[in-house]
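S.K.: Provided below for reference: sequence and predicted model.
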Amino acid sequence: MLKLGIEISERTVSRLLPKGRKPPSQTWKAFLNNHLNDLASIDFFTVPTVTFRVLFVFVVLSHYRRRVVHFNVTEHPSALWTGQQIVEAFPEETAPRYLLRDRDKIYGEAFQDRASGMDIEEILTAPQSPWQSPYVERLIGSIRRDCLDHMVVLEEQHLRRILTSYLAYYHRSRTHLSLDKDAPESRDVQPPKQGKVVEFPEVGGLHHRYERRVA
């Protein structure tokens with residue numbers, strides 16, 4: 001090829017021409033949305049007691065309907081204990097296709113063997129990137145803001161009772177914008193003809209549920 005008196009080979013021209021761009025890879029948000037029905041998240045958070053002991057709470061959240069399918073409390077978590085929690089969370093072939101978690105060393109070989117044996121594919125978030133697991137992080141924030149920040153935990157059994165009470169409220173009564181202001185356990189729409197609005201205390205009176213009842 002000859003241009004402006006300069007001879008340029010076709011090979012050189014083809015190398016300098018802009019190449020077609022590859023199609024963009026799936027974004028992280030798209031991955032979470034596309035696998036909503038097949039994805040669960042797990043995480044730990046800590047709770048201090050009145051005697052300054054530190055308890056570890058393990059939660060398993062199904063992304064579909066934002067349901068907490070399992071939780072447990074321990075003072076001494078291990079990979080073996082954590083693996084057993086996954087078995088208890090998903091009995092009889094109810095395990096999700098994907099399990100989203102961070103890179104904490106608590107998820108060691110014993111845990112990974114359990115997950116693999118249940119045909120669960122583990123999806124690991126990037127280091128120090130809690131935003132990549134937004135649903136379970138939001139859940140833990142709600143548990144703290146709505147409940148634990150207002151209570152003094154005495155010991156392990158007391159914390160279990162508190163969390164059991166809160167999660168009953170969370171599933172039946174607490175609304176979510178992502179669920180069109182419904183609760184994880186879908187509620188019936190109650191028209192005015194069903195009666196007056198009645199208040200029911202939840203979580204020891206910390207929160208309330210409102211329903212229509214005939215007088």
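M.R.: Sure thing, it's come through. Treat the numbers as computed from the prediction; the structure is a model and nothing was measured.
S.K.: for the helix ranked longest in the chain, what is the distance to the chain centroid?
M.R.: Scanning the chain for the longest helix, with DSSP state H as the assignment, gives helix 156-172. Helix 156-172 sits 17 Å away from the centroid of its parent chain (CA atoms, centre = their mean, to the nearest Å).
S.K.: now do it: which elements does it pack against?
M.R.: Where contact means 3 or more CB pairs under 8 Å, 6 or more residues apart in numbering; DSSP states H and E, helix 156-172 is packed against strand 54-62, strand 67-74, helix 134-146, strand 196-202, strand 207-213. Backbone N, C-alpha and C define where each C-beta goes, glycine included.
S.K.: now residue 60: how far from residue 192?
M.R.: 39 Å (CB to CB, to the nearest Å).
S.K.: can you check residue 59 too?
M.R.: In terms of CB to CB, residue 59 sits 38 Å off from residue 192.
S.K.: please say which of the two ends up with more neighbours.
M.R.: residue 59 (22 against 8; other CB atoms under 10 Å).
S.K.: list the residues that contact the residue nearest to that one when sequence neighbours are not counted.
M.R.: Residue nearest to residue 59 in three dimensions, not counting chain neighbours: residue 71, with 4.8 Å by CB to CB, 6 or more residues apart in numbering. The contact partners of residue 71, taken as CB atoms under 8 Å, 6 or more residues apart in numbering, are 57, 58, 59, 60, 163, 167.
S.K.: give me the buried positions along the longest helix of the chain.
M.R.: Across helix 156-172, burial judged by 16 or more other CB atoms under 10 Å covers 158, 159, 160, 162, 163, 165, 166, 167, 169, 170.
S.K.: count the neighbours of the residue nearest to the fourth one when sequence neighbours are not counted for me.
M.R.: Okay, so that is residue 162. Distances taken as CB to CB, 6+ apart put residue 151 closest to residue 162, at 6.1 Å, once the chain neighbours are dropped. Residue 151 has 15 neighbouring residues, counting by other CB under 10 Å.
S.K.: need the pLDDT of residue 151.
M.R.: As predicted, residue 151 sits at a pLDDT of 95.
S.K.: and it, how far from residue 75?
M.R.: From residue 151 over to residue 75 (counting by CB to CB), the distance is 18 Å.
S.K.: one more: residue 30?
M.R.: Counting by CB to CB, the gap from residue 30 to residue 75 is 39 Å.
S.K.: nearest to residue 202, of the contacts of residue 71?
M.R.: residue 167 (10.8 Å; CB to CB).
S.K.: contacting residues for the residue nearest to residue 109 when sequence neighbours are not counted?
M.R.: The spatially closest residue to residue 109, leaving aside those adjacent along the chain, is residue 79, at 6.6 Å (CB to CB, 6+ apart). Going by CB under 8 Å, 6+ apart, residue 79 touches 106, 107, 108, 109, 110, 111.
S.K.: which pair in the residues you listed spans the largest distance?
M.R.: Farthest apart among those - using CB to CB - are 106 and 109, which lie 11.4 Å from each other.
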